[in-house]
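A.B. asks: quick one, what's the 3D model for this:
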Amino acid sequence: MVEATRGSVVEARHRVHAVAVSRGKIIESCGNPALVTYFRSSAKPLQALPVIRAWPELTDTEIAIACASHLHRPEQLDPVRSLLARAHAAEDDLECGAEPTRLEHNCSGKHAAMLALCPRMEWPTAGYRLAEHPCQKAMLAEVAAASESEPSSIPTAVDGCGVPTYALSLERMAHAFSRLESLDGGSRAADAMRAHPDLIRGPGQADTELMRLEQGWVAKGGAEGLLCAVSREGLGVALKVEDGSTRAVRSGLAAFLSLLGHDVGELGVVPVTNSRGDVVGELRARALNRLQTFTGPTPSTNHAGGLVSARLVGGAGAARGPAQCVVQGQYPFERERRKPYPCCRSISLSRRSRSFSA
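C.D. replies: Numbers count the residues shown, from 1 in each chain. Here you go, the predicted model:
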């Protein structure tokens, strides 16, 4: 939970879900790691991989801007122009819409990279943003491969910039990021992002500030309060603010990484200011709601049809009466199911530790 204070009063609260994955296993989680949401711009480092493979001569700044949600500063627009030149394309060829111009759109780097990919693969450039275009089919395949999911199991929708976006559980997103540097082209993407954190977003933003700590993290934020990251050691992290508030991401991320034993410096210090620039409050993380998790041998073999999350409700230490296990499947929009414990034969429940194991 992240609280926004003004003076001495808590003015708003934001619930945060987070999960850390390493070598295919959940290391830690808070909230619901099986929460399904859209990957949004956090997918950009994965979407850049086909471009990196097709264009081995790309510079680090070109790769970084392909992974970025930039703020159209001059130094951020130069590599977008460079990618357009490689594609023999012009600003009008960008299909991201104008915010305020097509070039200045925060996703123009990704769109310019997709335009550059098309001629190298002998695909038409017109309509490159559409789901049926070979470019977007390649992007879906890349995300599916990184997350080790079946492409047909991933719901898609139209992102804010016009290309498809993909619905995955937070656990699958963290898993995909944990594998980034092992993927073909992934180490180049990671190195470029580490070398140019200010191109990825900008000062004060959670992804940029985490990478500025120079601890080896690679991070990418996404719309509606999402952030995905991976450490140099391959620890993948996915975090989602339930109400979509971006302002709560930094504080929630700092608290979760601290729980994992990482030094976060000033990452979690987020003041609330007014129009005069006066500090009038702060955003701060409160007690983390740890959700016990378990997985079967593979996502397809446990009883809920995928990654499963569970938490103890009622029983000793909570409300009087029998304990219940709340179980939720990984895959999209599966309804929450409640039943008295043991909720299935594959779960052992310990009241003392309040934990579950497969």
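A.B. asks: just the helices in the stretch 201-350 of the chain please.
C.D. replies: With DSSP state H, counting those that start in this stretch as the criterion, the stretch 201-350 of the chain has helices at 206-212, 249-259.
A.B. asks: next, count neighbours for the nearest residue to residue 4 once chain neighbours are set aside.
C.D. replies: For residue 4, ignoring the flanking residues on the chain, the nearest one in space by CB to CB, 6 or more residues apart in numbering is residue 12 at 4.2 Å. C-beta here means a position set from N, CA and C on the backbone, and glycine is covered the same way. Residues within reach of residue 12, counting by other CB atoms under 10 Å, total 16.
A.B. asks: doesn't residue 12 fall inside a strand?
C.D. replies: Yes: under DSSP: H, G, I helix; E, B strand; the rest coil, residue 12 falls within a strand.
A.B. asks: I'd like the helices of the stretch 201-350 of the chain laid out as TSV, including mean pLDDT and mean neighbour count.
C.D. replies: Shown next, in TSV, are the helices of the stretch 201-350 of the chain (pLDDT from 0 to 100; neighbours: other CB atoms under 10 Å):
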stretch	mean pLDDT	mean neighbour count
helix 206-212	98	24
helix 249-259	98	24
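A.B. asks: to residue 240, which of the ones you listed lies closest?
C.D. replies: helix 249-259 (8.9 Å; CB to CB).
A.B. asks: list the helices and strands that closest one packs on?
C.D. replies: strand 2-6, strand 16-22, strand 25-30, helix 206-212, strand 226-230, strand 236-241, strand 279-285 (3 or more CB pairs under 8 Å, 6 or more residues apart in numbering; DSSP states H and E).
A.B. asks: kindly report the domain assignment for this protein.
C.D. replies: What automatic domain parsing lists as the domains of the chain is 2-33+231-285, 36-171+181-218, 293-357.
A.B. asks: nearest to residue 224, out of those?
C.D. replies: Among these, domain 2-33+231-285 sits nearest to residue 224 (CB to CB), with 3.8 Å.
A.B. asks: span of the closest one from start to end?
C.D. replies: 4 Å (CA to CA, to the nearest Å).
A.B. asks: now do the same for residue 97: helix, strand or coil?
C.D. replies: Secondary structure state of residue 97, per three-state DSSP, is coil.
A.B. asks: now do the same for it: its pLDDT.
C.D. replies: On the pLDDT scale, residue 97 is placed at 96.
A.B. asks: and it, what does it touch?
C.D. replies: 105, 161, 162 (CB atoms under 8 Å, 6 or more residues apart in numbering).
A.B. asks: 10 Å - rerun?
C.D. replies: 105, 107, 108, 111, 129, 160, 161, 162 (CB atoms under 10 Å, 6 or more residues apart in numbering).
A.B. asks: ok, which of the helices of the stretch 201-350 of the chain comes nearest residue 95?
C.D. replies: That would be helix 206-212 among these, by CB to CB, at 24.6 Å.
A.B. asks: helices and strands around the closest one, which ones?
C.D. replies: Judged by 3 or more CB pairs under 10 Å, 6 or more residues apart in numbering; DSSP states H and E, the packing partners of helix 206-212 are helix 186-195, helix 197-200, strand 218-222, strand 226-230, helix 249-259.
A.B. asks: residues in contact with stretch 182-191?
C.D. replies: Under CB under 10 Å, 6+ apart, the answer for stretch 182-191 is 44-56, 58, 60, 63-64, 66-67, 142, 145-146, 176-177, 179-181, 216-218, 220, 230, 232, 234.
A.B. asks: quick one: that stretch to chain centroid distance?
C.D. replies: Put simply, stretch 182-191 sits 17 Å off its chain's centre (CA atoms, centre = their mean, to the nearest Å).
A.B. asks: report the mean confidence score over it.
C.D. replies: 98.
A.B. asks: span of that stretch from start to end?
C.D. replies: 13 Å.
A.B. asks: next one: stretch 78-96
C.D. replies: End-to-end for stretch 78-96, by CA to CA: 17 Å.
A.B. asks: let's have the contacts of residue 97 in CSV, adding distance to residue 226, pLDDT and neighbour count.
C.D. replies: Formatted as CSV, those follow (distance: CB to CB, whole Å; pLDDT from 0 to 100; neighbours: other CB atoms under 10 Å):
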residue, distance to residue 226, pLDDT, neighbour count
105, 19, 98, 24
107, 15, 98, 23
108, 20, 98, 30
111, 20, 99, 27
129, 21, 98, 21
160, 13, 98, 16
161, 15, 98, 22
162, 19, 98, 16
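A.B. asks: so among the contacts of stretch 182-191, which ones count as buried?
C.D. replies: Buried subset of these (neighbour count, 16 or more other CB atoms under 10 Å): 44-52, 54-55, 58, 60, 63-64, 66-67, 142, 145-146, 176-177, 179-181, 217-218, 220, 230.
A.B. asks: mind listing which of the residues you listed are in helices?
C.D. replies: 44-47, 49-52, 54, 60, 63-64, 66, 142, 145-146, 176-177 (DSSP state H).
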